[in-house]
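Visitor: Sequence and computational prediction follow.
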Amino acid sequence: MKTFTDILKNLRAVDFIVVVFCGVLSAINLIFTGSVPNWHLHIIINFFFASFAILSSVIHERKNTLLWRQLHLWYLVPMIFIFFKELYNMIEPIRQTICDPALIQIDRFIFHADPTVILFNIANPYLTELLQIVYGTFFFLPVILGIDFMRQRKVHEFDYSAFIIVFGFFLSFIGYILVPAIGPRFTLHNFAATNSEMPGLFVTNFLREIVNTGESIPLGTLNPALLVQRDCFPSGHTQMTWLVMLLSIKFKSKLKWLFIVDGTLLIFATVYLRYHYVVDLIAGIFFMIFTLWSGKYIYGWWEEIRKA
């Protein structure tokens with residue numbers, strides 16, 4: 001019979017940090033039970049993902065069937081989105097503030113103006129259409145990178161990249177809790193006038209509505225600034241896109257130029273499309289550097305434990 005230690009050694013490094021982060025989120029929910037609605041549901045969700053990380057690791061090792069192998073490799077994708085929505089229910093009740101005024105002042109200190117206002121001078125429907133499409137590729141980039149590594153049978157590269165990317169998401173989630181912000185499309189611009197001020201060509205408005213719905217402000221939402229996700233600082237789009245680009249270069253992905261070109265445009269789009277302040281991007285770069293630096297040691301440490 002396997003001991004608990006043996007079971008833990010089945011966990012990939014990414015499974016290990018999933019279990020740890022589930023514990024952290026659950027602890028925060030327990031501390032703020034008086035403020036967070038549905039905190040008990042959050043804990044159930046966290047317990048489910050922690051349990052699934054462990055269970056799928058064990059079954060993957062014992063049976064190694066195609067179904068369980070794929071479930072074990074890809075459960076991370078829906079998990080990230082569900083954690084993102086869990087934070088939506090936590091941040092506003094816990095923090096009850098936004099830090100946008102401070103972020104605006106930092107941008108103005110650096111540029112002596114508001115970058116989104118400056119970029120409005122070059123706005124045109126062709127550029128807006130292109131950048132809105134590129135912005136919409138964000139959630140697909142890590143998945144495409146993973147598929148590319150699996151097609152090339154780069155198992156170690158897949159595992160390490162999955163760990164770094166998920167670890168990066170978790171760090172950005174902590175940043176959202178510490179520095180809640182909603183972004184310049186609400187604070188410096190008239191959100192309701194976005195489509196008329198920055199029109200695209202064919203799919204811009206549709207893609208904007210997808211983004212808005214993902215941020216809990218579907219079309220027709222009253223007072224969207226009060227309800228939108230507090231997820232601007234750091235810029236997760238910048239942090240995670242940099243990680244995908246660098247991992248694709250490090251591990252010689254056949255699609256690295258796709259990631260580099262698309263990623264560069266995507267990072268520019270975060271400010272052009274009024275989703276982020278430039279200071280958010282700067283923070284995203286620092287978070288990216290910390291993710292790579294600390295993640296390398298955590299991954300190596302866990303691999304040594306598994307081999308012991």
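Guide: The structure has been received and is ready for your questions. From a predicted model like this one, the values you see are computed outputs, not experimental measurements.
Visitor: And the residue nearest the centre of the protein?
Guide: Taking CA atoms, centre = their mean, the centroid of the chain lies closest to F169, which sits 4.5 Å from it.
Visitor: contacting residues for that one?
Guide: 80, 83, 236, 240 (CB atoms under 8 Å, 6 or more residues apart in numbering). Any C-beta I mention is one placed from the backbone N, CA and C, and that applies to glycine too.
Visitor: By neighbours, which of those wins?
Guide: Within the contacts of F169, neighbour counts (other CB atoms under 10 Å) peak at M240, which reaches 26 neighbours.
Visitor: OK, contacts around that one?
Guide: Counting by CB under 8 Å, 6+ apart, M240 touches 138, 141-142, 165, 168-169, 172.
Visitor: for this structure, which helix is longest?
Guide: Taking DSSP state H as the criterion, the chain has its longest helix at helix 278-307.
Visitor: tell me the mean pLDDT for that one?
Guide: Mean pLDDT, helix 278-307: 96.
Visitor: So which bits of it are buried?
Guide: For helix 278-307, the neighbour count (16 or more other CB atoms under 10 Å) marks 278-284, 287-288, 291-292, 295, 298-299, 302-303 as buried.
Visitor: Between those, which sits nearest I133?
Guide: Nearest to I133 out of these is L281 (CB to CB; 19.7 Å).
Visitor: and the residue nearest to the centre of the chain, what pLDDT?
Guide: pLDDT recorded at F169 is 98.
Visitor: What's the end-to-end length of stretch 180-196?
Guide: 28 Å (CA to CA, to the nearest Å).
Visitor: what's the answer for stretch 246-256, then?
Guide: OK, stretch 246-256 end separation, CA to CA: 9 Å.
Visitor: What of stretch 120-131?
Guide: For stretch 120-131, the end-to-end distance is 13 Å (CA to CA).
Visitor: Would you mark the buried spots in that stretch?
Guide: 123, 127-129, 131.
Visitor: What are the contacting residues of it?
Guide: For stretch 120-131, the external contacting residues (CB under 8 Å, 6+ apart) are 197-204, 265, 268-269, 272-273.
Visitor: Same check on stretch 39-48?
Guide: 22-23, 25-26, 29-30, 32-33, 36, 82, 86, 89-90.
Visitor: Same question for stretch 192-202.
Guide: The contact list for stretch 192-202, computed with CB under 8 Å, 6+ apart, reads 120, 123, 125-126, 128-129, 132, 185, 189-190, 204-205, 208, 273-274.
Visitor: Restricted to helices, list those.
Guide: Members of the contacts of stretch 192-202 lying in helices (criterion: DSSP H): 125-126, 128-129, 132, 185, 204-205, 208.
Visitor: Same list (these) but as TSV, adding pLDDT and distance to P101.
Guide: Formatted as TSV, the ones in helices among the contacts of stretch 192-202 follow (pLDDT from 0 to 100; distance: CB to CB, whole Å):
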residue	pLDDT	distance to P101
P125	98	32
Y126	98	34
T128	98	27
E129	98	32
Q132	98	27
R185	98	15
T204	98	29
N205	97	30
R208	98	25
